[in-house]
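# predicted model and sequence below, questions to follow.
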Amino acid sequence: MAAFLSTSDLFKNVMKTMKEAGEIANISPNALERLKTPRRSIMVSIPVSMDDGNIKVFTGYRVQHNQTLGPFKGGLRYHETVNLSEVAGLATLMTMKTSLLQLPLGGAKGGVEVDPSKLSNHELEKLTRSFATELGPFIGPDKDIPAPDVGTDSQTMAWILDTYSSESGYAQTGVVTGKPVEIGGSLGRDSATGLGVVYTIEKALETRNENIKDVTIAIQGFGKVGLHAANEAFALGGKIVSVSDVEGAIYNPEGLNIRELIQFSHEKGSVIGFPGAKAITNDELLFLDVDVLAPCALDGVINSINVNNVRAKIIVEGANGPVTANASHILNSNGIMVVPDILANGGGVVVSYFEWVQDLDWHFWEEATVRGKLKSVMYKSFDKVWSFSKEHHKDMRTSAMAVALLRLEKALKLRGQAW
Ligand code: GLU
């Protein structure tokens, strides 16, 4: 394997889980060999003339991991720590996610090494349009369909759609998903990942004969995933005792009124200072004695160093890779269920798929239809992973990857790409 690929912990964690799952599911070594490296890795320079008149060159990536099941699919991340190895790990996870969720899509991921909060809106638009131009030959509705991820949103997708469409001379709404509904987006896409997290929590609780109405929940992150997860869990009667954002966390053992909190954080720009809640640190949130912990921010937050402080009974990975592979094993042996990212946060790409289908069809669905279909995919996928886990006496992370690998192995064999 190319040495540069394995420089990030995230990539190493994904490979470790893939190897373990491959052994349990008895996947052919040829299929595993193919899935260890991405099919194509694109690295581009993005010069941007900044508001102060100087040129700054940013580095962008798109890693197209696998397209055996369909066109490449996955988000674009704007974050200062983005690098090729991390993007490759995330692209591999996308291949596993789309496979597990039974979507006719492959896996990809991209990103730019940039702190978007340091750029003006005008600079962000220029950066995004130049990045879209560089990616132009490699993306398209039937080739590779980007979507939002950490640090990007529906506006980012709108700029990509516009740049791509201008350059091709035709409206190409299917080139990205997670775009505004006014220009071909799907109703329910914004809240999809958070909703998926909550459907997963419901199913995880069901395995313990528990109900969301009777449990305490802590959610790390109050952004694209965490906010919607909190909102839906609250609507279903769950008691959310703690949430956080980049500024820190808040805690109220009696439960937070999420409706009011959304309003508050919208006005103040943070959850900190919400009346009736105590300020705690993001780490303290992770170690609260709650029934369910949903880390919905960045990767690696629960790791070998802090894992023994975790007291939650169920962890549902709203983010990609928030629990490292080692920490996951330790949690499992402590009797804590970890529902892995490729299952728990799959709601986003599921509704991205619905959006893409609606774009190709030029026919749009009601939000209730989107929600109903999303719930059905999430429940079925959970059941599949849970059955594998029971049958093979394996944890949920290994089981989810095993279910994904089994579908991929079949497709690779049918296409003559492995045997
Ligand atoms: N970025 C999201 C993920 O990691 C969504 C990807 C997509 O919709 O293509 O799953």
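That came through, no problem.
# which residues sit in contact with the residue lying closest to residue 413 once chain neighbours are set aside?
Nearest non-adjacent residue to residue 413, counting by CB to CB, 6 or more residues apart in numbering: residue 419, 6.1 Å away. C-beta coordinates here come from the backbone N, C-alpha and C atoms, glycine included. Contacts for residue 419 (CB atoms under 8 Å, 6 or more residues apart in numbering) come out as 28, 30, 413.
# what about 10 Å?
Contact partners of residue 419, counting by CB atoms under 10 Å, 6 or more residues apart in numbering, are 28, 30-31, 412-413.
# secondary structure element holding residue 243?
Assigned by DSSP states H and E, residue 243 belongs to strand 239-245.
# show me what that strand pairs with in its sheet, parallel or antiparallel.
strand 216-220 (parallel), strand 248-251 (antiparallel) (DSSP bridges).
# my read is that residue 212 contacts residue 201, right?
Yes: the criterion here is CB atoms under 10 Å, and residue 212 meets it with residue 201 at 6.3 Å.
# who touches both of the two?
Going by CB under 10 Å, 6+ apart, residues that sit against residue 212 and also against residue 201 are 232-233, 236, 238, 291-292.
# among those, which are in helices?
Residues of those located in helices (DSSP state H): 232-233.
# which of the shared contacts of residue 212 and residue 201 are buried?
Among those, those buried by neighbour count (16 or more other CB atoms under 10 Å) are 232-233, 238, 291-292.
# near the ligand, which residues of the stretch 151-300 of the chain?
Proximity of the stretch 151-300 of the chain to the ligand (CB under 6 Å from any ligand atom) is limited to residues 177-178.
# contacts only, for the residue of the stretch 251-400 of the chain found nearest the ligand.
With CB to the nearest ligand atom as the measure, residue 352 is the residue of the stretch 251-400 of the chain nearest to the ligand, at 3.2 Å. Contacts for residue 352 (CB under 10 Å, 6+ apart) come out as 73-75, 98, 103, 105, 145-148, 176-178, 185-186, 189, 192-193.
# what residues sit buried inside stretch 99-110?
By neighbour count on 16+ other CB under 10 Å, the buried set for stretch 99-110 is 99-103, 105-110.
# try stretch 379-392
Along stretch 379-392, these residues count as buried under the neighbour rule (16+ other CB under 10 Å): 381-382, 384-386, 388-389.
# just name the closest of those to residue 285, please.
Using CB to CB, residue 382 is the member of the buried residues of stretch 379-392 that sits closest to residue 285, with 24.8 Å.
# does that closest one lie in a helix or a strand, and which?
helix 367-392.
# cool, and residue 124?
helix 121-135.
# what does residue 294 give?
strand 292-295.
# repeat that for residue 315.
strand 314-316.
# ok, now residue 330?
For residue 330, the element it lies in under DSSP H and E is helix 325-333.
# please apply the same query to residue 62.
strand 55-66.
# do residue 178 as well
Using DSSP H and E, residue 178 falls outside every helix and strand.
# excluding chain neighbours, give the residue nearest to the residue of the chain found nearest the ligand in space.
When scored by CB to the nearest ligand atom, the chain has residue 75 as its residue closest to the ligand, at 2.7 Å. In space, residue 75 comes closest to residue 149 once its chain neighbours are excluded; the distance is 2.9 Å by CB to CB, 6+ apart.
# which residues are in contact with residue 222?
Taking CB under 10 Å, 6+ apart, one finds 228-231, 243-247, 249-250, 258, 261-262, 265, 270-271, 296-297 in contact with residue 222.
# quick one, helices of the protein?
Under DSSP H, the chain gives helices at 9-24, 29-36, 84-100, 121-135, 154-168, 192-206, 226-235, 258-268, 282-286, 325-333, 341-344, 347-361, 367-392, 396-414.
# now the shortest one, how far from the centre of its chain.
Translated: helix 341-344. 8 Å (CA atoms, centre = their mean, to the nearest Å).
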